[in-house]
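> need a structure here:
(2 chains)
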Amino acid sequence: MIKLQRLNKVYGKGAAAVEALRDVNLSINEGEFVAMMGPSGSGKSTCMNILGCLDTPNSGHYLFQDTPVEDMSRNQRALLRRHFIGFVFQGFNLLARTTALENVELPLVYRRIPRAQRHAQARSALASVGLEGREHHTPAELSGGQQQRVAIARALVTQPSVLLADEPTGNLDSARGHEIMELLSKLNREQDITIIMVTHEADIAAYAQRVIHFLDGRIQPEQGN
Amino acid sequence: MWWSALSLALKEIRRNLLRSGLTMLGIIIGVAAVITMVTMGNGTTAKITAQIENLGSNMLILRPGQRFLRGSRAAAKPLDLSDSEALRRELSSISAAAAITNRPMSIIYGNTNWTTSVTGMENDYVVVRNWAISAGRNITDGEQRAGAPACLLGETVRRELFSYQDAIGETIRLGKIACEVIGILTSKGQSTMGSDQDDVVLIPLRAHWRLISGGQNVSHIYLSGRDGVDTNKARRDIELLMRERRHIGAGDEDDFNVIDMKEITKTMTGTTEVMTSLLGAVAAVSLVVGGIGIMNIMLVSVTERTREIGIRLAIGALEREVQRQFLVEAVVLSSVGGMIGIGLALVASYFIAAAINIPLILDGSIILLAFFFSALVGVVFGYFPARKAARLDPIEALRHE
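Here you go, the predicted structure:
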């Protein structure tokens, strides 16, 4: 489903250039739950951004469902994100002063889903993350764990092919973190959603079926899990 | 998509009501200023036109002497009654002509006296000056021919001499002569130049000659152009006929001149129209300044909402969708400001027009123009911030605190 071939990414130029990714090869199958680990600056976030089509590699190939992404325009990548990718961020990234329901509806607005259907889909997405009855709360009225659930509902409401989670538990205490991880692995198991997650906590990574270790822009040989 | 952009913009404006209001203030004041200025200008022009028409429509005035040489006027050959008769008889472009002569005199009734100009005139004068008789009757042709001592009073003279008494049939004294009041002229009020048009006494021309001035002097001939005839043509006709009658050679200049009230109207309204455009243009500058205010606030808004823009881009908003969102917001701000400005202008125009006593003439096209201009200001000054928002890098934007 996702294939990276000899991917390179360099930030900056000349002497100041930083090689964030070096010859990265990676293949992720549908329905997998993959964790990417590594110290900061190891390239895992860069890799995540490229996988999420938010960034482009300098060289190499990125095949998303057999479609090459590396040469796509900004708008084409936006459409790809719109239709196939859901994001969950460390900082939740919900719209402030906007209700949970409206936040979850946002991707549907860009998909031009009619209002009534939007409401229904957003409600059921919120229900699936256990937030029934909180539809009209704004982020400020929700706890961190609940906000992250809203963010997950927003990522899932479009039924994406892949869910990208960048340190989803980074801003949560460990109990809430484990709740979120339970939720993600349940979604992976029951709805067969492909999940790629960045984390630096080993116990969080343990929820994944496969762990990929980054170091200095390279993927370390897999150790089996 | 436009609809959702619109509702999003309205929501965003409501969220920051105070700031939105202050942002719109520039546009509100600009639009209100443009419309109010133009409305005031139009009202003033209309008032001046009405006042000049009140003097007599299609009125032309013939007087001896050259136009620009004041000193030569006395030296020029005077007009006489045959001139007005010839003009009336021979020119089809003229509907009325009246020779007049004036003399300021003291007018006495009982123990009241009043000094005004006594005008000896042919009966057409009442027609040319657009007067009507409010009480009594006009001077008859018989009285005119006989030079009977019968007089018409302007409203001011009537008020000064008779106050609440009935003046018709009373005898007043013009200097040494006695004269019967046979009619009162309707009030015309002040002229554009500020003189009181009702401060007059009219008597038959021959009576003036016989009893007051003692000659056959004609100072002016007042003429009316025929309805539907260009007053320029009437004027040329008068000039040609007068040159012929006064035996002026082909190369020589006129020793008389013709004043066309239409031209005076045009000159005066032309001046106020220029003033109107000027004031409107100055006011339009404030609209542009208002637009810069909108751009300023939109740029602040883009920076403030960088994270939101990042989220929208990450979940798949296209550049043009983000750009549209911010552009619509700017246009909504400016056009709502425009509408409030129109409302303010209507109220302000109403009160100012009442205060300075001019008619309220609302020009729909200016109102529409001001509104579209305000919306255009939103498009122009919203474009740059909207573009800035759309071009943000989603990764950077999401990191923005």
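
> residue ranges for the helices of the chain, please.
In the absence of a named chain, chain A is used. Ranges of helices in chain A, per DSSP state H, are A:44-51, A:74-84, A:100-110, A:115-128, A:144-156, A:174-191, A:202-205.

> Can you look at chain B instead?
Going by DSSP H, chain B shows helices at B:2-15, B:17-55, B:72-75, B:81-90, B:124-128, B:141-146, B:155-162, B:205-207, B:231-245, B:261-304, B:306-314, B:319-355, B:364-390, B:394-399.

> weakest of those helices in terms of mean pLDDT?
When the helices of chain B are compared on mean pLDDT, helix B:72-75 scores lowest, with a mean of 51.

> Which among the helices of chain A is found nearest to B:Phe326?
Judged by Cβ to Cβ, the one of those that comes nearest to B:Phe326 is helix A:100-110, at 15.4 Å. For every residue, glycine as well, the C-beta is placed using N, CA and C.

> which ones are touching residue 79?
Because you didn't say which chain, this covers chain A. A:Leu79 sits next to B:Gly316, B:Leu318 when contact means Cβ atoms under 8 Å, 6 or more residues apart in numbering or on different chains.

> meant chain B actually
B:Leu62, B:Arg63, B:Pro64, B:Ala99, B:Val218, B:Ser219, B:His220, B:Ile221, B:Phe256.

> 7 Å - rerun?
B:Leu62, B:Pro64, B:Ala99, B:Val218, B:Ile221 (Cβ atoms under 7 Å, 6 or more residues apart in numbering or on different chains).

> Most neighbours out of those, which is it?
Taking other Cβ atoms under 10 Å in any protein chain shown as the neighbour criterion, B:Ile221 ranks highest of the contacts of B:Leu79 with 29 neighbours.

> Can you tell me the closest non-neighbouring residue to that residue?
B:Leu62 (4.3 Å; Cβ to Cβ, 6 or more residues apart in numbering or on different chains).

> Get me the contact residues on chain A for chain B.
A:49, A:54-55, A:74-75, A:78-79, A:81-82, A:87, A:89, A:93, A:95, A:97, A:106-107, A:109-110, A:112 (Cβ under 7 Å from any Cβ of the partner chain).

> Generate a PyMOL selection restricted to the buried subset of the residues you listed.
Selection of the buried residues among the residues of chain A next to chain B in PyMOL, burial being defined by 16 or more other Cβ atoms under 10 Å in any protein chain shown:
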select buried, chain A and resi 49+54+55+78+81+82+87+89+93+95+106+107+109+110
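
> Name the nearest residue to the single nearest residue of chain B relative to chain A, ignoring sequence neighbours.
In chain B, no residue comes nearer to chain A than B:Gly316, which is 2.5 Å away by Cβ to the nearest Cβ. Closest residue to B:Gly316 apart from its sequence neighbours, by Cβ to Cβ, 6+ apart: A:Arg82 at 2.5 Å.

> Model confidence score at that neighbour, please.
With respect to pLDDT, A:Arg82 scores 93.

> Which residues are in contact with it?
Contacts of A:Arg82 (Cβ under 7 Å, 6+ apart): A:Pro107, A:Tyr110, A:Arg111, B:Ile315, B:Gly316.

> Check the gap between it and B:Ala317 for me.
Noted for A:Arg82: a distance of 8 Å to B:Ala317, by Cβ to Cβ, to the nearest Å.

> Could you tell me which residues touch both of the two?
By Cβ under 7 Å, 6+ apart, A:Arg82 and B:Ala317 have these common neighbours: A:Tyr110.

> got a list of contacts for stretch B:231-251?
So stretch B:231-251 is in contact with B:58, B:60, B:62, B:77, B:83, B:86-87, B:90-91, B:93-94, B:223, B:225, B:254-256, B:258, B:260, B:262, going by Cβ under 7 Å, 6+ apart.

> Just the ones of those residues in strands?
B:Leu60, B:Leu62, B:Ile94, B:Leu223, B:Gly225, B:Phe256, B:Val258, B:Asp260 (DSSP state E).

> so what's the second one bridging to?
Partner residues in beta bridges with B:Leu62: B:Ile221, B:Val258, with DSSP bridges as the criterion.

> And the third one, by the same measure?
The residues listed as beta-bridge partners of B:Ile94 by DSSP bridges are B:Gly225.

> residue contacts, the most centrally placed residue in chain B?
Among the residues of chain B, the one closest to the centroid is B:Thr45, at 1.4 Å (Cα atoms, centre = their mean). By Cβ under 7 Å, 6+ apart, the contact set of B:Thr45 is B:Thr269, B:Thr272, B:Glu273.

> Which residues are in contact with A:Thr99?
Going by Cβ under 7 Å, 6+ apart, A:Thr99 touches A:Glu135, A:His136, A:His137, A:Thr138.

> right, I mislabeled it, should have said A:Glu135
With Cβ under 7 Å, 6+ apart, A:Glu135 has these contacts: A:Thr99, A:Ala100, A:Leu101, A:Arg123, A:Leu126.

> Let's see the distance spanning stretch A:135-143 from one end to the other.
Stretch A:135-143 has an end-to-end distance of 14 Å (criterion: Cα to Cα, to the nearest Å).

> For it, the averaged confidence score.
Here stretch A:135-143 scores 94 as its mean pLDDT.

> Any buried residues in that stretch, and which?
A:Glu135, A:His137, A:Thr138, A:Pro139, A:Leu142.

> Which two among those are spaced furthest apart?
Farthest apart among the buried residues of stretch A:135-143 by Cβ to Cβ are A:Glu135 and A:Pro139. That separation is 12.8 Å.

> pLDDT below threshold where in the stretch 101-250 of chain B?
B:191-194 (pLDDT under 70).

> mind listing the strands for it?
When assigned using DSSP state E, counting those that start in this stretch, the strands of the stretch 101-250 of chain B occupy the ranges B:112-121, B:133-136, B:150-153, B:171-174, B:177-185, B:200-204, B:220-225.

> Output the below-cut-off pLDDT ranges for chain A.
For chain A (pLDDT under 70), the answer is A:222-225.

> residue in it nearest to chain B?
For chain A, Cβ to the nearest Cβ, closest residue to chain B: A:Arg82, 2.5 Å.

> Any figure for the gap between that residue and B:Ala389?
For A:Arg82 relative to B:Ala389 (Cβ to Cβ), the value is 18 Å.

> B:Ile294 now?
Taken as Cβ to Cβ, the span from B:Ile294 to B:Ala389 is 14 Å.
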